[in-house]
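**Student:** Fold the stuff below for me.
(chains A and B)
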Amino acid sequence: MRMSEYLLPTEREAPADAEAISHVLGVRAGLVRQLGTGLWSWMPAGWRVHQRAVQIIRDEMDAIGGLELLMPVIHPRELWKRTGRDEIDELFKLQDRKGSELVLAMTHEEAVTFHMSQIVRSYRDLPKILYHFQTKGRDEPRPRAGVLRTREFIMKDAYSFDRDAAGLDASYEKHRGAYAKIFDRCGLEWFECASDVGMMGGTAAHEYMAPCPAGENDVVLAPGYAANIEVAGADAQPVVLPAGLAAPVEASTPGLMTVEQVAGSLGVPAGALLKAYPVLTDGGRSVLVMVRGDHRVNEVKLQNVLGEPFRPATEEWISAHLGPAGFIGPVGTEIEILLDGAVQAGGYVTGANRADMHLRGVEPGRDFAFKTVDVRSVEPGDTIGGSVVRIEPAIEIGNIFKLGTRYSEPLRATFLDDGGNEQAIVMGSYGIGPARIAAAAIEQTADEKGIAWPRALSPFEVHLVSAGKAGSDERAASDSLYAQLTAAGIDVLYDERDMGPGQKFADAELLGVPLRLTLGRRSLESGEIEVQGRRGRVELPGVALGDGAVAAVQGLLADLP
RNA sequence: CGGGGCGUAGCGCAGCCUGGUAGCGCAACUGGUUUGGGACCAGUAGGUCGCGAGUUCGAAUCCCGCCGCCCCGACCA
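**Tutor:** Residues are numbered from 1 along each chain as shown, chains lettered A, B, ... in the order given. This next block holds a predicted model:
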């Protein structure tokens, strides 16, 4: 591709309001442009990257027997009513000119299950894996960070259809294998994490996480362990408790409402306090959740423990049922108490359910009854298997779910088993966001000059800079080299624009093609083309001009990350 | 949905407080000189100051309403 004929709208300055590296560089390098909040266009070079990711995904999906098809974005709303998903806030709703109710698909479980319900008749029709690359619409409450979280995006979504749980397990494992190959081939650093199955979930789920600064999720990492912080568990650092008391003793704490204030005033570590967090469930239960003073309640884990959604109790409710906010505790209350498992035996400081008063020496079991649960968030300093955990932000680049019969039952997708009995198809769903792969690659590889694409995702294989002006001998030589490389099937971006070399180098480093060749007057004098590897901006041995140049460049390409 | 901020030329911004003919840098265009790390000289062109309604002799500037966009939080199969 000749740069003078291409559209690569690079910018010298970052968009004023961009924070994420991938947002800044995606725009500056001319890969993406914004149309509205959460609505992004892919410019030609950016679309090349996206298509590279898509092709890698397609390869590996095909390799596990996936069958590519295409389903529409606009669906009858009725279909979504049948699965109970038509009232989701994120679902775009619309009407046609006749007033018929339609939705923009956020995923395609409904559509694919609808079709398979008509097509599959017998156990002989199973198993199947179907997938497509299709636009999703999601009315996100807060789109952010360029293409990381948008209201419209392309997703590879795959669906497996099996006779039973064992079949689903096999399909699930195939996808785990394919996903590992996909993310490795894309050159990403990534982790497979146990994840929350979510409100609409099934029986198991994994997320694929690419660590990077702009990540929206926190991942807990230890040797042999990776989990979303929403579900992660770890061993807490032990706390040194004060000597026990025969019974709780009141301690005056006037105006001291925070853990830090109370701990400081009483001369104990924050972990020697118990924090009380009263919640009311949608089902009408009231529960007092207790965690160590230096820990925090994890609302996702708590919801899983409660088995239903909940809201924190209001201050009015707390005053009416426990005591003044800031001074509540477990002693003397009738409310059901859940105690976090990190609370070791011993005497703690808790609220006394009276204004300006706490209790010392409160012992779980002796002074109040409880049920032990795991509802705290993993904290820095926690350990797993003796190793201190790392907590890193990460982008979710893919996920896999065991759906079971969540969709096949309401949509009556059944088959006859070998005994002639009607059974619901057992399903899985498997998503990957190519745009997030691109964004994660930018985040993970960028340096102060720009992007440094993994070879597999780069919009071009070689960036050839002509350092001579039009009509010069060096320009004629670079024209000739461009023709040679292109004839050999190498994907070359050829910068033959009539501008200074500094600007060309700057654009090349911004765009991040892994191999940069420079051919100018020096090359004609030395007989060598200069070579820079983009990752780390390393100068590589020059390539001799002449017939061997193409083979030499191919050799260099093979060695790149 | 709460909190904060922004909207002036393609991009980045100043001007607004204290009303009086709309500016700067980069980019663009023309001519010339340059050509190995974002050159230089001379000239040119480009703006309903987000939209609407007010106050005023006069509004980018003050008041009211609306829209759009960003960040934080809530939210997020």
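
**Student:** What is the burial count for residue A:547?
**Tutor:** 8 (other CB atoms under 10 Å). Placement of C-beta: from N, CA and C, glycine included.

**Student:** and residue A:393, helix, strand or coil?
**Tutor:** strand (DSSP: H, G, I helix; E, B strand; the rest coil).

**Student:** what does residue A:227 give?
**Tutor:** strand.

**Student:** Spit out the contact partners of it.
**Tutor:** By CB atoms under 8 Å, 6 or more residues apart in numbering, residue A:227 lies in contact with A:193, A:194, A:195, A:219, A:220, A:233.

**Student:** I'd like to know which of those residues are buried.
**Tutor:** Buried members of the contacts of residue A:227, scored by 16 or more other CB atoms under 10 Å, are A:193, A:194, A:195, A:219, A:220, A:233.

**Student:** okay if I get the residues you listed as JSON lines plus secondary structure, distance to RNA strand B and pLDDT?
**Tutor:** Shown next, in JSON lines, are the buried ones among the contacts of residue A:227 (DSSP: H, G, I helix; E, B strand; the rest coil; distance: CB to the nearest atom of the strand, whole Å; pLDDT from 0 to 100):
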{"residue": "A:193", "secondary structure": "strand", "distance to RNA strand B": "13", "pLDDT": "87"}
{"residue": "A:194", "secondary structure": "strand", "distance to RNA strand B": "14", "pLDDT": "79"}
{"residue": "A:195", "secondary structure": "coil", "distance to RNA strand B": "8", "pLDDT": "76"}
{"residue": "A:219", "secondary structure": "strand", "distance to RNA strand B": "13", "pLDDT": "87"}
{"residue": "A:220", "secondary structure": "strand", "distance to RNA strand B": "16", "pLDDT": "87"}
{"residue": "A:233", "secondary structure": "coil", "distance to RNA strand B": "19", "pLDDT": "82"}
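
**Student:** Closest to residue A:87 out of those residues?
**Tutor:** residue A:195 (24.1 Å; CB to CB).

**Student:** Quick check: the closest one touching residue A:228?
**Tutor:** Yes - using CB atoms under 8 Å, residue A:195 is in contact with residue A:228, at 4.8 Å.

**Student:** Pull up the overlap in contacts between those two.
**Tutor:** Residues touching both residue A:195 and residue A:228 (CB under 8 Å, 6+ apart): residue A:207.

**Student:** Which parts of the stretch 401-550 of chain A are helices?
**Tutor:** A:434-445, A:473-487, A:501-511, A:521-526, A:549-558 (DSSP state H, counting those that start in this stretch).

**Student:** Buried deepest among the ones you listed, which one?
**Tutor:** helix A:434-445 (a mean of 27; mean count of other CB atoms under 10 Å).

**Student:** Just the pLDDT for residue A:356.
**Tutor:** Model confidence at residue A:356, given as pLDDT, is 84.

**Student:** if I pick residue A:435, what's in contact with it?
**Tutor:** Applying CB under 8 Å, 6+ apart, the residues contacting residue A:435 are A:50, A:147, A:150, A:153, A:154.

**Student:** Could you rerun that using 7 Å?
**Tutor:** Residue A:435 sits next to A:50, A:147, A:153, A:154 when contact means CB atoms under 7 Å, 6 or more residues apart in numbering.

**Student:** Quickly note the distance from the first one to residue A:7.
**Tutor:** Here residue A:50 is placed at a distance of 15 Å from residue A:7 (CB to CB, to the nearest Å).

**Student:** okay, these two: which has more neighbours?
**Tutor:** Applying other CB under 10 Å to residue A:50 and residue A:7 shows that residue A:50 carries more neighbours, namely 21 against 9.

**Student:** mind checking the SS state of the more buried one?
**Tutor:** helix.

**Student:** Helix, strand or coil: sort out residue A:262 for me.
**Tutor:** Per three-state DSSP, residue A:262 ends up helix.

**Student:** Verify the stated contact: residue A:274 with residue A:294.
**Tutor:** No - Residue A:274 lies out of contact with residue A:294 (CB atoms under 7 Å); the separation is 10.7 Å.

**Student:** Between the two, which is the more surrounded one?
**Tutor:** The neighbour comparison of residue A:274 against residue A:294 (other CB under 10 Å) goes to residue A:274, with 24 against 21.

**Student:** Need the three-state assignment for that one.
**Tutor:** strand.

**Student:** Can you pull the phi and psi angles for the residue of the stretch 251-400 of chain A found nearest RNA strand B?
**Tutor:** RNA strand B sits closest to residue A:299 of the stretch 251-400 of chain A, with a gap of 6.2 Å, by CB to the nearest atom of the strand. Reported as degrees, to the nearest 10, the phi and psi values for residue A:299 are phi -70, psi -30.

**Student:** Leaving out the residues flanking it, which one is nearest to residue A:84?
**Tutor:** residue A:410 (7.2 Å; CB to CB, 6 or more residues apart in numbering).

**Student:** Nearest residue to residue A:185 in space, please, no chain neighbours.
**Tutor:** residue A:56 (5.0 Å).

**Student:** ditto for residue A:454
**Tutor:** Counting by CB to CB, 6+ apart, residue A:187 is the residue found nearest to residue A:454 once chain neighbours are left out, at 2.5 Å.

**Student:** hang on, isn't the one you found packed against residue A:452?
**Tutor:** No - contact criterion CB under 7 Å: residue A:187 and residue A:452 do not qualify, at 10.2 Å.

**Student:** just to confirm, which helix or strand has residue A:400 in it?
**Tutor:** Under the criterion of DSSP states H and E, residue A:400 resides in strand A:390-404.

**Student:** tell me the secondary structure for residue A:136?
**Tutor:** Under three-state DSSP, residue A:136 falls in the strand class.

**Student:** Spit out the contact partners of the closest residue to it other than its chain neighbours.
**Tutor:** Leaving aside its sequence neighbours, residue A:136 sits nearest to residue A:155 (CB to CB, 6+ apart; 5.1 Å). When contacts are counted by CB under 7 Å, 6+ apart, residue A:155 is found next to A:134, A:136, A:431, A:432, A:433.

**Student:** downstream neighbour of the helix or strand harbouring residue A:155 in the secondary structure list?
**Tutor:** Using DSSP H and E, residue A:155 falls within strand A:152-162. Scanning forward in sequence from strand A:152-162 by DSSP H and E, the next helix or strand is helix A:165-185.

**Student:** Which elements pack onto that next one?
**Tutor:** Applying 3 or more CB pairs under 7 Å, 6 or more residues apart in numbering; DSSP states H and E, we find helix A:165-185 packed against helix A:44-63, strand A:152-162, strand A:390-404, strand A:426-432.

**Student:** can it be found next to RNA strand B?
**Tutor:** No - Helix A:165-185 is not in contact with RNA strand B by CB under 7 Å from any atom of the strand; minimum separation 14.3 Å.

**Student:** residues in contact with the residue nearest the centre of chain A?
**Tutor:** Centroid-nearest residue in chain A, with CA atoms, centre = their mean: residue A:396, separated by 1.0 Å. Contacts for residue A:396 (CB under 7 Å, 6+ apart) come out as A:207, A:209, A:217.

**Student:** Would you list the phi and psi of the closest residue in space to it that isn't next to it in sequence?
**Tutor:** Leaving aside its chain neighbours, residue A:396 sits nearest to residue A:207 (5.3 Å; criterion: CB to CB, 6+ apart). Dihedral pair for residue A:207: phi -120, psi 150, per degrees, to the nearest 10.

**Student:** Can you get me a residue count around the closest residue to residue A:530 other than its chain neighbours?
**Tutor:** In space, and not counting its chain neighbours, residue A:530 is closest to residue A:518: 4.3 Å by CB to CB, 6+ apart. Per other CB under 10 Å, the neighbour tally for residue A:518 reads 22.

**Student:** Pairing partners for residue A:518 in the sheet, please.
**Tutor:** Judged by DSSP bridges, the bridge partners of residue A:518 are residue A:465, residue A:530.

**Student:** in terms of contact, does it touch residue A:463 like I think?
**Tutor:** No - applying CB under 7 Å, one finds residue A:518 not in contact with residue A:463, separated by 9.3 Å.
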